[in-house]
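sequence first, predicted coordinates after that:
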Amino acid sequence: MPARDAARTVRAAAASILRQTERDLALVCVDDGSRDGTLAALESLAARDRRVVVVRGPGEGIARALNRGLARCDAQLVARMDADDVAHPERLALQRALLEADPTLAAAGSRVRLFPRAAVRSGMARYAAWLNGLVTPALVRRDLFVEAPLVHPASMIRRAPLEREGGWRDGDFPEDYELWLRLSAAGHALTNVPRALLAWRESPGRATRQDPRYALARHLALKAHFLARGPLAGRREIAVWGAGDTGKALCDALAPEGIRPVLFVEVDPKKIGRTIRGAPVVGYRDLAQARGLPLVVAVGAPGARDLIRAELVSAGFLETRDFWCAS
C-alpha cells in the first residue's frame, strides 16, 4: 500500500486490510515522501499490529514505491491496496481462492463500488459498470485494449510472474494498465472476482485526473504499442470501424508503430464517401471490403461497442481473430 499525504484516509484503508478474514498476511505500507501525518499514522499502526511493515521512500512516484514495497514482501501472492480505499473483509480470501483454483491466472481483481456517490462522475460510473462485467479470463482478454480491465488497488497478483516480467515500470504511461498489457502479452490470464470487494474512492484530486501519465494520449500510445506487438504484429495496413475523433486518434497513435488505416467503416452517412487519414470511408453494409484486414473498432459513443460487435459477428467476423475493440 503506497501512501503519500493520505493522513485523512490511511487508517481506514489499513484497518480494512487488517480486518480481513484472511489473517495470514503482512501489510507493507510505503510512505512515499509524505509531508503530513501519514508516516506517523502508519508507525502507530505498526506499533499495535506486528503484521504492519512500514517502509520509507523519498517521494519517487507510485511505480518505484510499489517496487520498493515488493522488495519487502515475502509471500507468493501480493495484493495491491490504495491509501484512500476500503476493502471488503473477504477480499483477500476470495482472490486467493480464485488464484489457487486456476494456475493460469497471473492476477485477479474484483468488481468495485464507487464512493462517495455524490462525487461519482458519469464517465467513472460507465467505466466501473464496464469493468464489473469482466468476470472471466475470456472477457478480460476480449476487452484488454478498451481500457484497464482490472482496478489496480483491487488486484491480487502472483509474485513469480510479476517479478519475471519486471515488476512495475516507471514511465510516461499509466503503470497499472501497462502491467496488465505486459502480463497478458507474456501469455498470462487475468480476471475479476464477480463480487464488489473494494470501495473505490472517487475524488477530484485523484491521480487519474491530475497526473499527465494517465491522460488519454498516454493510454492511446500504450494501446498502440501493445497492439503493434500483439494482434497487429507484422501487419502494416488495417481497417478501422470509426472515422470520428476516437478512430482518428487511435490511427495517429498507431502511425509511429508503422501501421496505417487503408479503410474506415462508418454508420454516419455524413462521413461515408469521404477520405480520412488517406483512407476511404465506407458504410457498414460494405463490411466485405474489410475482409482480410485486421479490423480495429474505435468508437467512443456509449453503447456503440456492443452494437458493432453484434453487427460484425452476424457478418461472420470473429472477435480476437478478425477484429479487436480498442475504445
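Alright, I've got the coordinates. Not measured: the values here are computed from a predicted model. Numbering: from 1, shown residues only.

quick one: mean pLDDT for stretch 272-282?
For stretch 272-282, mean pLDDT is 97.

what about the helices in the stretch 201-327 of the chain?
207-210, 216-229, 245-254, 304-314 (DSSP state H, counting those that start in this stretch).

in the second one, what counts as buried?
Applying a neighbour-count criterion of 16 or more other Cβ atoms under 10 Å, the buried positions in helix 216-229 are 218, 219, 220, 221, 222, 223, 224, 225, 226, 227, 228. Where you see a C-beta, it was placed from the backbone N, CA and C, and this is true even at glycine.

how about the helix or strand where residue 39 lies: buried residues?
Here residue 39 sits within helix 38-48, counting by DSSP states H and E. For helix 38-48, burial by neighbour count (16+ other Cβ under 10 Å) applies to 38, 39, 41, 42, 45, 46.

show me what contacts the residue nearest to residue 1 when sequence neighbours are not counted?
Excluding its sequence neighbours, the residue lying closest to residue 1 (Cβ to Cβ, 6 or more residues apart in numbering) is residue 81, at 4.2 Å. Residue 81 is in contact with 1, 13, 17, 27, 87, 153, counting by Cβ atoms under 8 Å, 6 or more residues apart in numbering.

tell me the secondary structure of residue 81, please.
Following DSSP: H, G, I helix; E, B strand; the rest coil, we place residue 81 in the coil state.

separation between it and residue 94?
15 Å (Cβ to Cβ, to the nearest Å).

and residue 308, by the same measure?
In terms of Cβ to Cβ, residue 308 sits 34 Å off from residue 94.

what subset of the contacts of residue 81 is buried?
For these, buried by 16+ other Cβ under 10 Å: 1, 13, 17, 27, 87, 153.

gap between the third one and residue 324?
Residue 17 sits at a distance of 36 Å from residue 324 (criterion: Cβ to Cβ).

got it, and the first one?
Spatial separation of residue 1 from residue 324 under the definition Cβ to Cβ is 34 Å.

same deal with residue 34?
Applying Cβ to Cβ to residue 34 and residue 324 gives a distance of 41 Å.

this structure: strands as residue ranges?
2-3, 27-32, 52-57, 77-79, 86-87, 105-115, 156-158, 189-201, 237-241, 260-266, 275-276, 279-283, 295-297, 323-325 (DSSP state E).

what are the neighbouring residues in contact with the residue lying closest to residue 49 once chain neighbours are set aside?
Spatial nearest neighbour of residue 49, chain neighbours left out: residue 18 (5.8 Å); criterion: Cβ to Cβ, 6+ apart. By Cβ under 8 Å, 6+ apart, the contact list for residue 18 reads 27, 45, 49, 51, 52.

next one: residue 213
Residue 213 touches 171, 172, 173, 174, 175, counting by Cβ under 8 Å, 6+ apart.

can I get these in TSV including pLDDT?
Shown next, in TSV, are those (pLDDT from 0 to 100):
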residue	pLDDT
171	95
172	94
173	96
174	97
175	97
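
quick check on residue 271: phi, psi?
phi -100, psi -30 (degrees, to the nearest 10).

any of the contacts of residue 213 buried? List them.
Counted by 16+ other Cβ under 10 Å, these give 173, 174, 175 as buried.

dump the residues you listed to TSV, plus distance to residue 146.
Listed next are the buried ones among the contacts of residue 213 as TSV, based on distance: Cβ to Cβ, whole Å:
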residue	distance to residue 146
173	16
174	14
175	18
